[in-house]
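Undergrad: Sequence first, then the predicted structure:
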Amino acid sequence: MSVSALVANRLSRMKRGVPFSIESFYSLGTTTSVQKAMSRLTKEGQVARVAKGIYSRPKPLTSIPSIQITAKAEEVAKTWARSNKYKITPQGLEVAYRLGMQTQAPVKTVYWTTGPSREFHVGNEVVQVKHTTETKLQWINKPEGALFRGLLSLSPEHTPVSTLLMAIKRLNLQEKEAVRVIRKLSNSPALVIWKSKLNQLENSLQS
């Protein structure tokens with residue numbers, strides 16, 4: 001089977017609207033032959049290029065089938081990070097909003113990463129990816145990481161304990177796990193200004 005046929009065959013089994021890196025196809029042939037095959041499929045409309053080296057199978061909009069959705073800008077950013085082995089996670093303000101620690105949603109969608117800063121545009125969607133330190137990206141995909149990044153974007157003087165209790169609730173943490181998370185964050189050098197407020201939070205949970 002030709003490289004072009006192999007690429008088309010694998011592509012046909014991939015979920016529509018989900019971005020992927022062309023690098024995942026390089027095992028099917030030479031880099032050049034795979035790129036040529038993907039270029040041809042793009043011209044035919046079988047696949048769409050949503051960023052450099054990242055593609056997606058267009059997905060018809062359920063209500064208006066004539067309109068094709070390629071991918072969400074946030075998913076494209078995550079695919080880019082994954083293919084380059086960069087860490088990536090929503091910025092502190094976004095996390096604070098999701099955890100109920102602030103009521104105003106961020107105007108822009110911003111992610112923090114260990115990779116270079118850049119923007120991803122897909123249709124009308126724009127996602128900013130900003131380079132930051134490893135410290136801000138610790139504990140990714142863990143409750144302490146989410147709470148950590150939320151706290152980094154806020155001021156302890158303007159954040160009541162009741163707001164922190166709401167965040168704990170949204171993280172679905174039981175008391176024992178919540179105390180473990182709070183104590184870990186209390187020992188973080190990056191959260192020195194939060195130590196007193198975190199102690200109050202722990203006392204509130206155990207009272």
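TA: Good, I have the coordinates.
Undergrad: Can you tell me the element residue 75 falls in?
TA: Element membership for residue 75, per DSSP states H and E: helix 73-83.
Undergrad: cool, residue 197 as well?
TA: Using DSSP H and E, residue 197 falls in helix 195-206.
Undergrad: Just the buried positions in that helix, please.
TA: 197, 198, 201, 202, 205 (16 or more other CB atoms under 10 Å). For the C-beta atoms, the positions are set from N, CA and C on the backbone; glycine is no exception.
Undergrad: Mind giving me the packing neighbours of the helix holding residue 75?
TA: strand 20-21, strand 48-51, strand 54-56, strand 88-90, strand 109-113, strand 118-122, strand 125-131 (3 or more CB pairs under 8 Å, 6 or more residues apart in numbering; DSSP states H and E).
Undergrad: Distance from the chain centre to the very next helix or strand once past the third one, please.
TA: From strand 54-56 onward toward the C-terminus, using DSSP H and E, the following helix or strand is strand 59-60. With CA atoms, centre = their mean, to the nearest Å as the basis, the distance from the averaged C-alpha position of strand 59-60 to the chain average is 23 Å.
Undergrad: Strand 59-60 - which strands sit beside it in the sheet, and in what orientation?
TA: As defined by DSSP bridges, the strand partners of strand 59-60 come to strand 68-69 (antiparallel).
Undergrad: circling back to that earlier point, got the contact list for the helix holding residue 197?
TA: For helix 195-206, the external contacting residues (CB atoms under 8 Å, 6 or more residues apart in numbering) are 156, 159, 161, 164-165, 168, 175, 178-179, 182-183, 185-186, 191.
Undergrad: picking up where we left off before, what does the helix holding residue 75 contact?
TA: Outside helix 73-83, the residues within contact range by CB under 8 Å, 6+ apart are 18-21, 23-24, 50-51, 53-54, 56, 86-88, 109, 111, 113, 115, 120-123, 125-127, 129.
Undergrad: middle-most residue in this protein, spatially?
TA: By CA atoms, centre = their mean, the chain has its centre lying nearest to residue 89, at 4.6 Å.
Undergrad: residues in contact with residue 68?
TA: So residue 68 contacts 48, 58, 59, 60, 61 (CB under 8 Å, 6+ apart).
Undergrad: who wins for neighbours among these?
TA: Among the contacts of residue 68, residue 48 has the most neighbours (other CB atoms under 10 Å), with 19 neighbours.
Undergrad: quick revisit: in space, what's closest to the residue nearest to the centre of the chain - neighbours in sequence excluded?
TA: residue 140 (5.2 Å; CB to CB, 6 or more residues apart in numbering).
Undergrad: Having no further points to raise, I will conclude here.
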